[in-house]
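*Asks:* predicted model and sequence follow; I will ask about them next.
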Amino acid sequence: MTIDKKCALALALCFFAVQTSAQQPYQMLDAKLLPGWRTDDGTHLAGLHLELGTGWKTYWRSPGETGIPPIFDWTESSNISSIEVEWPSPMIFTQAGARSIGYSGQVTLPLRVTPENIGQPVRIVGNIDLGVCSEDLCVPVPLSVSGYLPSTSFDIDPHISAALASLPLSGNEASVKDVSCRVQPVDDELQLDVEIALPRSYGREIAVVETGNPAVLVESRHNIVKGNSLRTQVRLYHMEGRAFGLDRSRLRITVLGGPHAVEIIGCSAS
């Protein structure tokens, strides 16, 4: 990482730290666990329902240039093999020329829970750190949610069902025709150029790139829509300044700004 980036990160963390005591979390955010239902294959669909106060927003898994990434800890749960957080299509926020990605109002994050013993109830305990921001203030909000997910519950929760319906489409579902990537070294970073052939463009789409490696930071440079082609350029660098490789098959590219969000896994070399 360059010195300028280290300074910018330090300043951002400093601003974040000094602002935390201005208001209490309950004025900004209310959270509850929705117990959901057990599916035919033995997994359990639960939900984390968030209601934000007027003027407040929280962030998507990739929060953008000024957002704060959410952190989930489920280790105190029991009878759980795995928990996957599903992410409904987010909104794009722009403030002072900087872009962030997330949610306002209310949102339900579906939780796809795989029990260790399928026929038994699940005890779920979540310790969650969210960033919650208004126009001029960002506050770290720690949440604790807990509850039992009974193995005999089959009633579909409408909040979870609606959230599942708003998940991004896959590239195939959206009829994306082609996705190509070009990687080249620039200074101590990698530059990644992505081109996506969209079936139809509305002229306002952006592409969000995730590498699958939490130690690799992504800095967006350009998003250009020309015809039905979306081109995006990002710089990739290791948070500790180390060398790293890039696996194109693990890249996750999410197109936002059209009528439906689209999630694409992997891209071919160009």
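*Replies:* Received it, and whenever you're ready, just let me know what you need.

*Asks:* only C-alpha atoms for contact and neighbour calcs from this point on.
*Replies:* Fine.

*Asks:* so where's the stretch 1-150 of the chain uncertain?
*Replies:* Residue ranges of the stretch 1-150 of the chain with pLDDT under 70: 1-26.

*Asks:* 80 instead, please
*Replies:* Along the stretch 1-150 of the chain, segments meeting pLDDT under 80 span 1-27, 95-97.

*Asks:* that one: helices as residue ranges?
*Replies:* Under the criterion DSSP state H, counting those that start in this stretch, the stretch 1-150 of the chain contains helices at 3-18.

*Asks:* so residue 246 versus residue 106, what's the distance?
*Replies:* Separation of residue 246 from residue 106 (CA to CA, to the nearest Å): 36 Å.

*Asks:* the closest residue to residue 220 other than its chain neighbours: neighbour count?
*Replies:* Spatial nearest neighbour of residue 220, chain neighbours left out: residue 234 (4.4 Å); criterion: CA to CA, 6 or more residues apart in numbering. By other CA atoms under 10 Å, the residues close to residue 234 number 20.

*Asks:* go on, the one 4 residues further on?
*Replies:* Taking other CA under 10 Å as the criterion, the count of residues near residue 238 is 19.

*Asks:* residue 154 versus the closest residue to it other than its chain neighbours, what's the distance?
*Replies:* Using CA to CA, 6+ apart and skipping the chain neighbours, the partner closest in space to residue 238 is residue 216 (4.5 Å). Counting by CA to CA, the separation of residue 216 from residue 154 is 40 Å.

*Asks:* which of those two has more neighbours?
*Replies:* Shown here are residue 216 and residue 154; by other CA under 10 Å, residue 216 has more neighbours (21 against 14).

*Asks:* the more buried one contacts residue 236, correct?
*Replies:* Yes. Between residue 216 and residue 236 there is a contact at 6.4 Å, judged by CA atoms under 8 Å.

*Asks:* three-state assignment of residue 161?
*Replies:* Here residue 161 is helix, with the state taken from DSSP: H, G, I helix; E, B strand; the rest coil.

*Asks:* typed the wrong thing, it's residue 264
*Replies:* strand.

*Asks:* just give me the neighbour total for it.
*Replies:* 21.

*Asks:* for residue 187, see how far away the closest residue to residue 93 other than its chain neighbours is.
*Replies:* Leaving aside its sequence neighbours, residue 93 sits nearest to residue 100 (CA to CA, 6+ apart; 5.2 Å). In this view, residue 100 and residue 187 are 27 Å apart by CA to CA.

*Asks:* when those two are compared, which one has more neighbours?
*Replies:* residue 100 (20 against 8).

*Asks:* right, and the more buried one touches residue 61 too?
*Replies:* No. With contact defined as CA under 8 Å, residue 100 does not count as touching residue 61 (11.0 Å).

*Asks:* can you give me every residue that contacts residue 226?
*Replies:* Residue 226 sits next to residue 203 when contact means CA atoms under 8 Å, 6 or more residues apart in numbering.

*Asks:* at 10 Å instead, please
*Replies:* 201, 203 (CA atoms under 10 Å, 6 or more residues apart in numbering).

*Asks:* tell me the pLDDT at it?
*Replies:* pLDDT for residue 226: 91.

*Asks:* ranges for the strands of the stretch 101-250 of the chain?
*Replies:* 106-114, 122-133, 138-149, 169-170, 178-186, 189-197, 206-210, 216-226, 229-238 (DSSP state E, counting those that start in this stretch).

*Asks:* can you redo these as CSV with distance to residue 41?
*Replies:* Conversion of the strands of the stretch 101-250 of the chain to CSV gives the following (distance: least, CA to CA, whole Å):
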stretch, distance to residue 41
strand 106-114, 10
strand 122-133, 15
strand 138-149, 15
strand 169-170, 22
strand 178-186, 33
strand 189-197, 35
strand 206-210, 30
strand 216-226, 35
strand 229-238, 38
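
*Asks:* for the ones you listed, which one sits closest to residue 32?
*Replies:* Counting by CA to CA, residue 32 lies closest to strand 138-149 out of the strands of the stretch 101-250 of the chain; the figure is 6.6 Å.
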